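[1] Structure here, sequence nowhere to be found:
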């Protein structure tokens with residue numbers, strides 16, 4: 001049931017961190033919830049660094065876009081999260097799917113950090 005409700009990975013969504021699991025090999029695994037269901041998430045090295053520093057913690061809401069599903073038959077379904085597809089959500093955002101992808105500033109995009117939902121930039125000068 002989790003697979004059909006929460007795990008449509010390409011949809012932008014807001015999920016809450018319910019557990020941060022520190023594994024022995026310097027990797028971190030997150031458990032995320034939409035308030036009803038819980039799903040595991042494997043995270044990249046940048047998100048792992050943020051989780052070990054305490055920037056990602058239990059109870060925090062995350063805005064997620066472009067997550068991949070790990071479809072290994074021997075393990076339960078998990079999401080693969082990358083740094084460019086995850087941002088902090090405000091405390092009053094509703095959990096679950098959201099209509100539009102978050103807009104990311106150019107200085108927040110990390111090379112090799114996965115898909116970027118939408119970029120935001122400004123034109124300083126226009127030449128004819």
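    Sure, I can see it. All figures in this text were calculated on a predicted structure; none of them were measured in a lab.

[2] Tell me the buried residues in the lengthiest strand in the chain?
    The longest strand of the chain (DSSP state E) is strand 13-23. Residues 13, 14, 15, 16, 17, 20 are the ones in strand 13-23 that count as buried (16 or more other CB atoms under 10 Å). Heads up, the C-betas are built off the backbone N, CA and C, glycines and all.

[3] Helices along this structure, start to end?
    2-5, 45-52 (DSSP state H).

[4] Any idea which of these has the lowest pLDDT on average?
    The stretch with the lowest mean pLDDT among the helices of the chain is helix 2-5, at a mean of 46.

[5] Test of understanding: give the bridge partners of residue 23.
    residue 27 (DSSP bridges).

[6] Touching, it and residue 29? I think so.
    Yes - using CB atoms under 8 Å, residue 23 makes contact with residue 29 at a distance of 6.1 Å.

[7] Residue 109: how many residues sit nearby?
    Other residues lying near residue 109 total 13 when counted by other CB atoms under 10 Å.

[8] Okay, it and residue 12: tell me how far apart.
    Residue 109 is 17 Å from residue 12, where distance means CB to CB, to the nearest Å.

[9] Show me what the mean pLDDT comes to for stretch 91-106.
    On average, stretch 91-106 scores 79.

[10] again, but for stretch 61-79
    79.

[11] Quick one: end-to-end distance for that stretch.
    End-to-end span of stretch 61-79 (CA to CA, to the nearest Å): 16 Å.

[12] Okay, buried residues for that stretch please.
    Under 16+ other CB under 10 Å, the buried positions of stretch 61-79 are 61, 62, 63, 64, 65, 66, 67, 68, 78, 79.

[13] Hmm, residue 68 and the last one touching each other?
    Put plainly, it is residue 79. Yes - contact criterion CB under 8 Å: residue 79 and residue 68 qualify, at 7.1 Å.

[14] re earlier: the longest strand of the chain to helix 45-52, inter-axis angle?
    80 degrees (axes from the mean of the first three to the mean of the last three CA atoms, to 10 degrees).

[15] contacting residues for residue 60?
    Going by CB atoms under 8 Å, 6 or more residues apart in numbering, residue 60 touches 16, 17, 88.
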